[in-house]
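Student: Quick one: sequence and predicted model below, then my questions.
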Amino acid sequence: MASRGNINNDYNNEEIHNDGFEDVIKFHPPIILPKPEKILVIDGDSIAWIVSYTGKDEFGNKKPDYTEDEYYIAEGLADEMFMKIINSCEEYFEIKNTYLCLKSENSVNPRYNWLPSYKQNRPSSLPIISHISRYLKEKHSGLSPKIGETDDLLCELVNLTGDKAIICSIDKDIKQLCNKGNGNWMLDYKKWEWNFVTPQEARYLFHCQWITGDPGDNIIALSPGVGIKFAQKVLKEDMTDLEMFFGVWQAYMKAWKNDSQKAWENMQLAWKLLKLHTEQEFKQLN
């Protein structure tokens, strides 16, 4: 495979395996024969992000970004990562269908209307990321959302396939989707780790995030002064949905000093922003 040399694995000070990839995948599912039938749902945006990184040289300096003449290197890495994801899943499951989800160039995302500062703190992405996204979409029949983000398209597909879906993503926020049936196997293709997420764990993680917000998306001012320690105090994984809801309500009442109107308004807005939505849910919210 063409390469500019070994690509270092420390993009954003996080370990990323994108040249040769690790041979060992941790915490693999138990092998059951015959293999269970599954539907593969892949968050392809992170593939483009990972392979766009050129690594560091022997002195620890970041190597220059790919020139357009070198885009074919990242294309090869993207193909290799995509196929490794599929092969890793086929080792344990019979994959009946594969959906590769990628960002849309013209999707309408209502979150920017709901919160004008949404994702304002993010740096501009490199041109190669859009190029790789388009490349993967064309070569591997990728899908893009009509409304919302790539994660919302994953929501649409997992909502349809339930616990038959294997979700491949490096984004911990995607765990909220594992709330149907018995839960879902997830493959983190940055760490190359398998995890099984139950519906109860999925609900608990989402309600914790509902309290704490998401700095990565610039959702940080809706529950001021309340963090993960308070969330862990008022939420327990074995709670019912109603009990978890009231735990979140306590957090927002604390954040807004018992002003129930402000607490309710910000709690509703946070839910709209943080929850992943199907296309029909977006239409109802708008």
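Tutor: Yep, that arrived.
Student: hey, let's count contacts and neighbours off CA atoms from now on
Tutor: Fine.
Student: show me where this structure has helices.
Tutor: All helices of the chain, identified by DSSP state H, fall at 45-51, 71-90, 111-114, 127-139, 150-161, 199-212, 228-234, 241-255, 260-274, 279-285.
Student: Tell me which of those helices sits nearest to Asp188.
Tutor: Taking C-alpha to C-alpha, helix 71-90 is the member of the helices of the chain nearest to Asp188, at 9.3 Å.
Student: just checking, what packs against that closest one?
Tutor: When contacts are defined as 3 or more C-alpha pairs under 8 Å, 6 or more residues apart in numbering; DSSP states H and E, helix 71-90 sits against helix 45-51, helix 127-139.
Student: can you redo the helices of the chain as CSV with mean neighbour count, distance to Lys62 and mean pLDDT?
Tutor: Below are the helices of the chain laid out as CSV (neighbours: other C-alpha atoms under 10 Å; distance: least, C-alpha to C-alpha, whole Å; pLDDT from 0 to 100):
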stretch, mean neighbour count, distance to Lys62, mean pLDDT
helix 45-51, 22, 14, 96
helix 71-90, 18, 16, 97
helix 111-114, 14, 33, 96
helix 127-139, 18, 16, 96
helix 150-161, 22, 29, 97
helix 199-212, 23, 33, 97
helix 228-234, 15, 34, 96
helix 241-255, 19, 42, 97
helix 260-274, 17, 33, 97
helix 279-285, 12, 40, 93
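Student: can you list those in CSV and add distance to Trp185?
Tutor: Output for these, formatted as CSV (distance: least, C-alpha to C-alpha, whole Å):
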stretch, distance to Trp185
helix 45-51, 18
helix 71-90, 10
helix 111-114, 28
helix 127-139, 24
helix 150-161, 12
helix 199-212, 11
helix 228-234, 24
helix 241-255, 22
helix 260-274, 22
helix 279-285, 24
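Student: For Leu33, which of those helices is the nearest?
Tutor: Per C-alpha to C-alpha, nearest to Leu33 of the helices of the chain: helix 71-90, 12.6 Å.
Student: what's the angle from the closest one to helix 127-139?
Tutor: Helix 71-90 runs at 60 degrees relative to helix 127-139, counting by axes from the mean of the first three to the mean of the last three C-alpha atoms, to 10 degrees.
Student: closest to Tyr66 out of the helices and strands packed on helix 71-90?
Tutor: Of all the helices and strands packed on helix 71-90, helix 127-139 sits nearest to Tyr66, with 7.6 Å by C-alpha to C-alpha.
Student: The residue nearest the centre of the chain: what's it in contact with?
Tutor: For the chain, the residue sitting closest to the mean C-alpha position, by C-alpha atoms, centre = their mean, is Asp171 at 3.2 Å. Applying C-alpha atoms under 8 Å, 6 or more residues apart in numbering, we find Asp171 in contact with Asp188.
Student: so how far is Glu138 from it?
Tutor: As defined by C-alpha to C-alpha, to the nearest Å, Asp171 lies at a distance of 24 Å from Glu138.
Student: ditto for Gly247
Tutor: With distances taken as C-alpha to C-alpha, Gly247 is found 45 Å from Glu138.
Student: again, but for Tyr71
Tutor: Separation of Tyr71 from Glu138 (C-alpha to C-alpha): 15 Å.
Student: same thing with Gly44?
Tutor: With C-alpha to C-alpha as the criterion, Gly44 and Glu138 are 12 Å apart.
Student: so Lys38 touches Glu94, yeah?
Tutor: Yes: using C-alpha atoms under 8 Å, Lys38 is in contact with Glu94, at 6.0 Å.
Student: Just want to know which of those two has more residues nearby.
Tutor: More crowded of Lys38 and Glu94, by other C-alpha atoms under 10 Å: Lys38, with 21 against 15.
Student: close enough to count as contact, Leu177 and Ala202?
Tutor: Yes: between Leu177 and Ala202 a contact is recorded at 6.8 Å, counting by C-alpha under 8 Å.
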